[in-house]
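J.: give me a 3D structure for the following:
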Amino acid sequence: MRMVIAAVGRLRQGPEAKLIADYLDRHAKAGRALGLPPVTLAEVEDRRGGGMAAEAALLAKAIPQGAALVTLDERGEMLSSPEFAGRVAGWRDQARDIAYVIGGADGIDPDLRHRADLSISFGRMVWPHMLVRVMLAEQIYRATTILAGSPYHRR
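T.: Predicted coordinates for the structure are as follows:
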């Protein structure tokens, strides 16, 4: 099983990068005992300006074949953290790779978005892509702690 965050754009050094690294490191340590692999980051950038379709082609190359495709999209479902953890556990139990996809400034190409097994939203507001990465990394770690029965998620 593999877990990858495929995102348009390059993450610069700064507070977002530190937060993402911290949450993904915590996930890697806690997830090992649960059969969850570390998360890798695949960053793509369309240098020719081909728009969403070109970005989608680059993102598709970063997605493992047969992976559960999870898009981050303002039109997606708003899941609770335990519901998200349940989805992750289900794919883990199927020994399925998981690819989380974050599009560029214009979003995710409709063709790629329609292929998604799950589309999730962090609310009806639009969030900067780098903050979406931070929030996704935290939710992946939170899902791991929920599955482990850890007190991190208090609800």
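J.: so how far is residue 58 from residue 7?
T.: When distance is defined by Cβ to Cβ, to the nearest Å, residue 7 is 10 Å away from residue 58. Every residue, glycine included, has its C-beta placed from N, CA and C.
J.: now for these two: what residues contact both?
T.: Common neighbours of residue 7 and residue 58, using Cβ atoms under 8 Å, 6 or more residues apart in numbering, are residue 44.
J.: which one's more surrounded, these two?
T.: Between residue 7 and residue 58, residue 7 has the larger neighbour count (other Cβ atoms under 10 Å), namely 26 against 18.
J.: that one: what secondary structure?
T.: Assigned by DSSP: H, G, I helix; E, B strand; the rest coil, the conformation of residue 7 is strand.
J.: then residue 95?
T.: With three-state DSSP as the basis, residue 95 sits in coil.
J.: for residue 86, see how far away residue 6 is.
T.: For residue 6, the distance to residue 86 - Cβ to Cβ - is 22 Å.
J.: which one's more surrounded, the two?
T.: Legend: neighbour count by other Cβ under 10 Å for residue 6 and residue 86, higher for residue 6 (24 against 15).
J.: quick one: that one and residue 62 touch, right?
T.: Yes. Applying Cβ atoms under 8 Å, one finds residue 6 in contact with residue 62, separated by 4.0 Å.
J.: show me the common contact partners of these two, please.
T.: Common contact partners of residue 6 and residue 62 (Cβ under 8 Å, 6+ apart): 42, 44, 99.
J.: for the spatially most central residue of the chain, list each beta-bridge partner.
T.: Among the residues of the chain, the one closest to the centroid is residue 100, at 3.2 Å (Cα atoms, centre = their mean). Counting by DSSP bridges, residue 100 is bridged to residue 5, residue 70.
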